[in-house]
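Asks: Starting from these lines, generate the structure:
(2 chains)
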Number of protein chains: 2
Amino acid sequence: MRRGKTFVVSGPSGVGKSTVLQALLDRRKDIYFSVSATTRQPRAGEIDGVHYHFLDVDTFQQWIADDQFLEYAEYVGNFYGTPKRFVDAAMDEGRDVILDIEVQGAIQVAAKRPGTVRIFIAPPSWAELERRLIGRKTDSIEKIQKRLVRAKVEFQTAHTYEYFVINDTVEEAVRELEAIMTAEHCKPQERMEIISGK
Amino acid sequence: MRRGKTFVVSGPSGVGKSTVLQALLDRRKDIYFSVSATTRQPRAGEIDGVHYHFLDVDTFQQWIADDQFLEYAEYVGNFYGTPKRFVDAAMDEGRDVILDIEVQGAIQVAAKRPGTVRIFIAPPSWAELERRLIGRKTDSIEKIQKRLVRAKVEFQTAHTYEYFVINDTVEEAVRELEAIMTAEHCKPQERMEIISGK
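Replies: Prediction:
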């Protein structure tokens, strides 16, 4: 049986990454979507092991000490991390894994796991990203401008990503994501048992 | 408009490459399937410009002198070559191009055109390739054994190919080919206009 592969998906705030990933996961029940660990308190309706693995700070630090994370970061006073064990278990079952993490975390994962494929969800244009951020009606103009600058900074790092999926329409973005996942399983290193000539 | 890309497809005799490519071209009318030039005589029913571009030897040699071929070879006393002009015209129209050529020709094309993607159609196993060659009932046992040895020799070169598509079923092989073509258009170098940040 083929082993699963890990795909890191990043993208700026407002690009529609969550919508695209949800549409992909609705189509492809075989994909394991990684659940992060966090030290922040559960919000109403959040279920441990589904939305997050909720850990106390001591446990989180113990997991760091035990090298249990593919990547971790601090954000507004809380820790967030990607536990290795669930990712590895899914890959061993032959399932592809998607990690929804930002550029800094993606660099950590790629360093630990050289076979990881990084995909950046990009807007059709910066003007379109701005339109989408305004359309959400959740942020002030100042906050939107900050998000746009942050997106451009991320983008400077993201040119090292293996793939860019343009989220022009959700359907097309999902089609490209699926194509990338299929194509990556056609790489020579994934098919050594054929190439070595049994 | 995005520019088309060129995909070289190779594979051993008996692997079912022609069937797979025909199924792909039936689905995807936008793909340009490169028509080779040859100095051999047309057979009954063969149409100039459809099955081959039929050239006399002088013209073929003139095309070589004018650097009109992406690759060319001699086979049983006749010349065969891939004319550049039709490939370039299709790519300029935004169409992807498929070249059905063997490993030696693929090396020539990749050297002339670094952006070319090479895909090797492989059998699920050598035993299955042998079964398919026997099943065709066109070759003697000796000829089949020669084809198998030739396939294994080709395979030694083919490990440098970017992708391996296993022709287990035609549907799955076509799905993988289409995925590879889609994924290759998501590479950063294909999306510079987004990355450079207009």
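
Asks: Contacts only, for residue A:123.
Replies: A:12, A:14-15, A:129, A:132, A:166-167, B:194 (Cβ atoms under 8 Å, 6 or more residues apart in numbering or on different chains). Backbone N, C-alpha and C define where each C-beta goes, glycine included.

Asks: My error: substitute residue A:91 in the last question.
Replies: Counting by Cβ under 8 Å, 6+ apart, residue A:91 has contacts A:3-6, A:97.

Asks: Buried only: go through those for me.
Replies: Those of these that meet the buried threshold are A:4-6, A:97, by 16 or more other Cβ atoms under 10 Å in any protein chain shown.

Asks: Kindly provide the whole-number mean pLDDT of the lengthiest helix in chain A.
Replies: Longest helix in chain A by number of residues (criterion: DSSP state H): helix A:141-158. For helix A:141-158, the mean per-residue pLDDT is 86.

Asks: Counting neighbours, what do you get for residue A:122?
Replies: 27 (other Cβ atoms under 10 Å in any protein chain shown).

Asks: Ok, residue A:125 next?
Replies: Residues near residue A:125, counting by other Cβ under 10 Å: 15.

Asks: Just name the closest of the contacts of residue A:123 to residue A:104, please.
Replies: residue A:12 (13.5 Å; Cβ to Cβ).

Asks: Would you mind naming what in chain A lies close to chain B?
Replies: A:119, A:122-126, A:152, A:155, A:158-159, A:161-166, A:175-176, A:178-180, A:182-184, A:186-188, A:191, A:194-195, A:197-198 (Cβ under 8 Å from any Cβ of the partner chain).

Asks: Mind checking which of the residues you listed land in helices?
Replies: Using DSSP H, the residues of chain A next to chain B in helices are A:126, A:152, A:155, A:158, A:175-176, A:178-180, A:182-184, A:194-195.

Asks: In TSV, list those along with neighbour count.
Replies: As requested, those are exported to TSV (neighbours: other Cβ atoms under 10 Å in any protein chain shown):
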residue	neighbour count
A:126	17
A:152	13
A:155	22
A:158	23
A:175	17
A:176	24
A:178	18
A:179	23
A:180	23
A:182	19
A:183	26
A:184	22
A:194	18
A:195	18
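
Asks: Which one of those is nearest to residue B:54?
Replies: residue A:183 (36.5 Å).

Asks: The closest one against residue B:175, yeah?
Replies: No: contact criterion Cβ atoms under 8 Å: residue A:183 and residue B:175 do not qualify, at 10.5 Å.

Asks: The longest helix of chain A packs against which elements?
Replies: Using 3 or more Cβ pairs under 8 Å, 6 or more residues apart in numbering or on different chains; DSSP states H and E, the elements in contact with helix A:141-158 are helix A:103-112, strand A:117-122, helix A:126-136.

Asks: Residue A:74 and residue B:149, how far apart?
Replies: Between residue A:74 and residue B:149 the distance is 60 Å, computed by Cβ to Cβ, to the nearest Å.

Asks: so residue A:191 makes contact with residue B:164?
Replies: Yes: using Cβ under 8 Å, residue A:191 makes contact with residue B:164 at a distance of 4.5 Å.

Asks: any weak-confidence spans in chain A?
Replies: A:194-198 (pLDDT under 70).

Asks: give me that answer again for 80
Replies: Counting by pLDDT under 80, the low-confidence segments of chain A come to A:1, A:157-159, A:192-198.

Asks: ok, residue A:179 - contacts?
Replies: With Cβ under 8 Å, 6+ apart, residue A:179 has these contacts: B:178-180, B:182-183, B:186.

Asks: for residue A:184, what are its contacts?
Replies: A:5, A:7, A:117, A:190, B:183.

Asks: In a markdown table: these, plus distance to residue B:106.
Replies: A markdown table is the format used below for these (distance: Cβ to Cβ, whole Å):
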| residue | distance to residue B:106 |
| --- | --- |
| A:5 | 26 |
| A:7 | 29 |
| A:117 | 25 |
| A:190 | 20 |
| B:183 | 19 |
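
Asks: ok, so of these, who is nearest residue A:55?
Replies: When those are compared for distance to residue A:55 (Cβ to Cβ), residue A:7 wins out at 24.8 Å.

Asks: The closest one pairs with what?
Replies: Beta-bridge partners for residue A:7, by DSSP bridges, are residue A:98, residue A:117.

Asks: Surely it and residue A:113 touch.
Replies: No: contact criterion Cβ under 8 Å: residue A:7 and residue A:113 do not qualify, at 11.2 Å.
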